[in-house]
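> Just a sequence and a predicted model for now, questions to come.
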Number of protein chains: 4
Amino acid sequence: MRTKNDEKQEALFKATVKLVNKIGFASSSVAKIAKEAGVSPATIYVYHKNKEELLVSVYIAIKREMSKAILQNFNSELPLRDIWKNLWLNAFEYVSKNLENYKYAEQFSNSPYSFLVDHEELEKYFTPIHDLIQNGIEQKIIKNVDINFISAFAFYPITRLANPNLCHGFELKKEDVETAFTMAWDAIKL
Amino acid sequence: MRTKNDEKQEALFKATVKLVNKIGFASSSVAKIAKEAGVSPATIYVYHKNKEELLVSVYIAIKREMSKAILQNFNSELPLRDIWKNLWLNAFEYVSKNLENYKYAEQFSNSPYSFLVDHEELEKYFTPIHDLIQNGIEQKIIKNVDINFISAFAFYPITRLANPNLCHGFELKKEDVETAFTMAWDAIKL
Amino acid sequence: MRTKNDEKQEALFKATVKLVNKIGFASSSVAKIAKEAGVSPATIYVYHKNKEELLVSVYIAIKREMSKAILQNFNSELPLRDIWKNLWLNAFEYVSKNLENYKYAEQFSNSPYSFLVDHEELEKYFTPIHDLIQNGIEQKIIKNVDINFISAFAFYPITRLANPNLCHGFELKKEDVETAFTMAWDAIKL
Amino acid sequence: MRTKNDEKQEALFKATVKLVNKIGFASSSVAKIAKEAGVSPATIYVYHKNKEELLVSVYIAIKREMSKAILQNFNSELPLRDIWKNLWLNAFEYVSKNLENYKYAEQFSNSPYSFLVDHEELEKYFTPIHDLIQNGIEQKIIKNVDINFISAFAFYPITRLANPNLCHGFELKKEDVETAFTMAWDAIKL
DNA sequence: GATGAATGAGTGTTCATTCAT
DNA sequence: CATGAATGAACACTCATTCAT
């Protein structure tokens, strides 16, 4: 597994996401992914140990990209609510503009492949957010609850709203982000 | 002439849920489901047109069961917040006690099979909840937002919290339901 | 295998011929034949030992019907050529009006099922024709060749002409029978 | 990268013909053909899109081979009857020496697969014969009838005579070809 | 007599992966 | 590095037939 041609690696990632979104995990065979990426099935095994490892690495790449997008312009000197709102706007923008990536991650999380990922390692990308929450709790601005509760109420709803598979007869629009943010903030603020 | 056997139908449903939870949608083959249910693969086709129809009908059955559980003891004469809390406790209890079912539904929703379901038809099971929300909005108790926002903030977080796949290093406990309810109510109340 | 209801037997025969012509031997399953005939698959086994025996008995029935049609109005007192022409007109009429039956027989003959039939027994239906040919040879009206040559040149062409599968871009019409008869007679006459 | 192997392609063709002759179209499964050819069932799909395409391409290959054999040494300067006789001898020889191929073609023609073939395209292989017939008609040597009549009376009887499935208790011998040719010529000549 | 449920064995086809080039 | 050929194992599904009713 030597890596020389980054274009092929990238093409494989994009093909994987596109295909899984179009036809689902079950039907996304190595042959189809290869065809979509414009390479031979055998080439996949140059870049990845096997199919599983390809799917996992695509997931991790998306998670990393997502964390970067959310944490960009993170300015710890602003008031906590403003920092929080910036995170939100970033999260919203990423999910809106990269719905395919987000949907791949969602399908992946809800599949047994999820067990193959070192989640503690992944969570490190989001450490600044954890720290911020901890900070907010200590400052008595945010409710003193397990961090999973904060995530569940603050972030999960927006991703849910953005997913057409789950949210039928409704499409999330730009102006809705303010509404969503208010609800999320009401949920977690003390 | 032999007659169709409800036990077999039931065994098939349970086997499907169990297997999909254990090895995922992608790997749950007809042969494996049949083996898990203790019948011949061919027998599945006596009860279902094809694999697709089996998976869909399991999903619908779970959704129906879920709606019944949530709406039991629905008493429209109580104050709105109390009705709401009862729904919550029911939802919490169902998800806690039938985590397998819920996780199956979640995987299903996040798969392309989801497109095969008539979601409008399914939503009818939850009509009383929709009416209750409408009522709350008119009484200025609940925020005047699209119903999908209410669902996203009021119900989905609890299911997320209950799902170990998504909520790592944390297990939802009975005492957490009060916390969760407070956060959900804060999110949606005016 | 008791036979009580002749209607069902008849329905099975017609369904078999119809289906084999429509989708071929390979795809004509017992279940489909049963459905086409409006009976249960199991019912077929009341009337026939197995699928093979059903197909064979349909073939034999057609052959018998065909021989009756060809030999009707057989008048051995006419001049030989006139007897022969009557046989021809009958054969032509049968093939034209029962193309489905004829095509079934043709497919059957060209399949290994053919080996299951006692052909000597079948040929007995056509004994008068054999005798006629023998007669013609002795009278020095017909060429002195093996009877298979006579059949091949006298009868096979007309069935070939009637079969759209074999005769593309051409449809046998009523007026063609005179032409065909002349050619056949030229082939066999001394 | 391995390269496609003509021997395998050839083995597949031979196995297909052999098997279809032995057990018939209906029973000739992909697995059995593969076994007969000494390859994996999956390998068939490297060389052919599907079973259908395999069967069709075998048919076309046989037809092409047959046309080449019949038209070899075609000398348009000889008298028409002599050209015709040469065609006959060639046809007779091909059918005699390649009875398996011929029988495959016959079974194929009498099956619904036949509809998948572009018969006009196929007929091009036999254009010289069509021209010869046209010529004969214009020279008032051959009866002025549709070309299908000529084929039906001139060529099909010999193939029928060569087919043991259709011609019971009789085997076509070398010396019979003169007899057959005379009958065929009598049928079509003016 | 007639049936639909039930099934082991088989269908055509695709799978993830390896191999020779 | 990169490839298409090659495949055993698995896929969803249908088969001819039997069995309990």
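On my side now, so go ahead. Residues are numbered from 1 along each chain as shown, chains lettered A, B, ... in the order given.
> Let me see the domain layout of chain A.
According to automatic domain parsing, chain A comprises the domains A:1-47, A:64-188.
> Next, see if the helix or strand bottoming out on mean pLDDT in chain A gets close to chain B.
Ranked by mean pLDDT, DSSP states H and E, the helix or strand of chain A with the weakest confidence is helix A:156-162, at a mean of 81. Yes. Among the residues of helix A:156-162, A:156, A:157, A:158, A:160, A:161 lie within reach of chain B under CB under 8 Å from any CB of the partner chain. Using the backbone N, CA and C atoms, a C-beta is placed for each residue, glycine as well.
> Can you tell me which of the residues you listed lies closest to DNA strand E?
residue A:160 (28.7 Å; CB to the nearest atom of the strand).
> Excluding residues flanking it in the chain, which one is nearest the closest one?
residue B:152 (4.7 Å; CB to CB, 6 or more residues apart in numbering or on different chains).
> got the contact list for the least confident helix or strand of chain A?
Here helix A:156-162 makes contact (CB atoms under 8 Å, 6 or more residues apart in numbering or on different chains) with A:88, A:91-92, A:95-96, A:99, A:102, A:106, A:166-167, A:170, A:172, A:176-177, A:180, A:183-184, B:148-149, B:152-153, B:156-157, B:160.
> mind listing the helices for chain A?
A:6-27, A:30-37, A:41-47, A:51-71, A:80-97, A:99-109, A:119-123, A:127-138, A:147-154, A:156-162, A:176-188 (DSSP state H).
> If I average pLDDT within each of the ones you listed, which one is lowest?
Lowest mean pLDDT within the helices of chain A: helix A:156-162, at a mean of 81.
> Please save the CA atoms from that one in PDB.
Extracted C-alpha coordinates of helix A:156-162, given in PDB (Å, rounded to 0.1, in the frame of the first residue of the first chain):
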ATOM      1  CA  TYR A 156     -27.700  16.500  16.500                       C
ATOM      2  CA  PRO A 157     -31.000  18.400  15.700                       C
ATOM      3  CA  ILE A 158     -29.400  20.600  13.100                       C
ATOM      4  CA  THR A 159     -27.900  17.600  11.300                       C
ATOM      5  CA  ARG A 160     -31.200  15.900  11.500                       C
ATOM      6  CA  LEU A 161     -33.000  18.900  10.000                       C
ATOM      7  CA  ALA A 162     -30.500  18.900   7.200                       C
END
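> For residue A:190, give its distance to chain D.
For residue A:190, the distance to chain D (CB to the nearest CB, to the nearest Å) stands at 63 Å.
> Excluding chain neighbours, what is closest to residue A:48?
Nearest non-adjacent residue to residue A:48 (CB to CB, 6+ apart): residue A:54, at 4.2 Å.
> Angles on the backbone of the residue in chain A positioned nearest to DNA strand E, please.
At 3.0 Å from DNA strand E, residue A:29 is the closest residue in chain A, using CB to the nearest atom of the strand. Phi and psi for residue A:29, reported as degrees, to the nearest 10, are phi -80, psi 160.
> tally of neighbours for the closest residue to residue A:47 other than its chain neighbours?
Among residues not flanking residue A:47 along the chain, residue A:9 sits closest, at 5.7 Å (CB to CB, 6+ apart). Using other CB atoms under 10 Å in any protein chain shown, residue A:9 is surrounded by 17 other residues.
> repeat for residue A:38
Neighbours around residue A:38, by other CB under 10 Å: 12.
> so it makes contact with residue A:10?
No. Contact criterion CB atoms under 8 Å: residue A:38 and residue A:10 do not qualify, at 11.5 Å.
> one step back: how about the residues of helix A:156-162 next to chain B in TSV, adding distance to residue D:18?
Listed next are these as TSV, based on distance: CB to CB, whole Å:
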residue	distance to residue D:18
A:156	63
A:157	66
A:158	65
A:160	61
A:161	64
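> Narrow those to just the buried residues.
A:156, A:157, A:158, A:160, A:161 (16 or more other CB atoms under 10 Å in any protein chain shown).
> Run through those residues and flag the ones next to DNA strand F.
Checked against DNA strand F using CB under 7 Å from any atom of the strand, these yield no neighbours at all.
> Closest one of the residues you listed to chain D?
Taking CB to the nearest CB as the measure, chain D lies nearest residue A:160 of those, at 42.1 Å.
> that older thread, distance of the residue nearest to residue A:48 relative to residue B:29?
21 Å (CB to CB, to the nearest Å).
> Pick out the residue of chain A closest to chain C.
For chain A, CB to the nearest CB, closest residue to chain C: residue A:27, 26.5 Å.
> DNA strand F versus residue A:172, what's the distance?
Distance, residue A:172 to DNA strand F, using CB to the nearest atom of the strand, to the nearest Å: 34 Å.
> my read: that residue touches residue A:96, true?
Yes. The pair residue A:172 and residue A:96 passes the contact test of CB under 8 Å, sitting 7.1 Å apart.
> Is it correct that residue A:139 is in contact with residue A:81?
No. Assessed by CB under 8 Å, residue A:139 is found out of contact with residue A:81, at 10.8 Å.
> from what I can see the residue nearest to residue A:48 touches residue A:9, true?
No. Under the criterion of CB under 8 Å, residue A:54 makes no contact with residue A:9, lying 10.2 Å away.
> what's the overlap in contacts for the two?
residue A:47.
> Is the residue nearest to residue A:160 in contact with residue A:167, as I believe?
Yes. Using CB under 8 Å, residue B:152 is in contact with residue A:167, at 7.5 Å.
> Neighbour count for those two, which is higher?
residue B:152 (30 against 19).
> quick one on the thing from earlier: wait, what's in contact with the residue nearest to residue A:160?
Counting by CB under 8 Å, 6+ apart, residue B:152 has contacts A:157, A:158, A:160, A:161, A:167, A:180.
> pretty sure the last one is touching residue B:149, no?
Yes. With contact defined as CB under 8 Å, residue A:180 and residue B:149 form a contacting pair (6.7 Å).
> So which of those two has more stuff around it?
residue B:149 (26 against 22).
> OK, contacts around that one?
Residue B:149 touches A:157, A:161, A:176, A:179, A:180, A:183, B:143, counting by CB under 8 Å, 6+ apart.
> of all the residues you listed, which two lie farthest apart?
Pairwise distances across the contacts of residue B:149 (CB to CB) peak at 14.3 Å, for the pair A:161 and B:143.
> What pLDDT does the model give the residue of chain A closest to DNA strand E?
For residue A:29, pLDDT reads 95.
> between residue A:172 and residue A:96, which one's more packed in?
Legend: neighbour count by other CB under 10 Å for residue A:172 and residue A:96, higher for residue A:172 (23 against 15).
> Can you give me the distance of the more buried one to residue A:154?
Residue A:172 is 16 Å from residue A:154, by CB to CB.
> Check residue A:180 too.
Taking CB to CB, one finds residue A:180 at 10 Å from residue A:154.
> shared neighbours, the two?
By CB under 8 Å, 6+ apart, the residues touching both residue A:180 and residue A:154 are residue A:88.
> Pretty sure residue A:91 sits against residue A:155.
Yes. Counting by CB under 8 Å, residue A:91 touches residue A:155, with 6.4 Å between them.
> Neighbour count: these two, which is higher?
Shown here are residue A:91 and residue A:155; by other CB under 10 Å, residue A:91 has more neighbours (23 against 20).
> Spatially, what comes nearest to the more buried one if we skip its sequence neighbours?
Using CB to CB, 6+ apart, the closest residue to residue A:91 is residue A:70 (5.0 Å).
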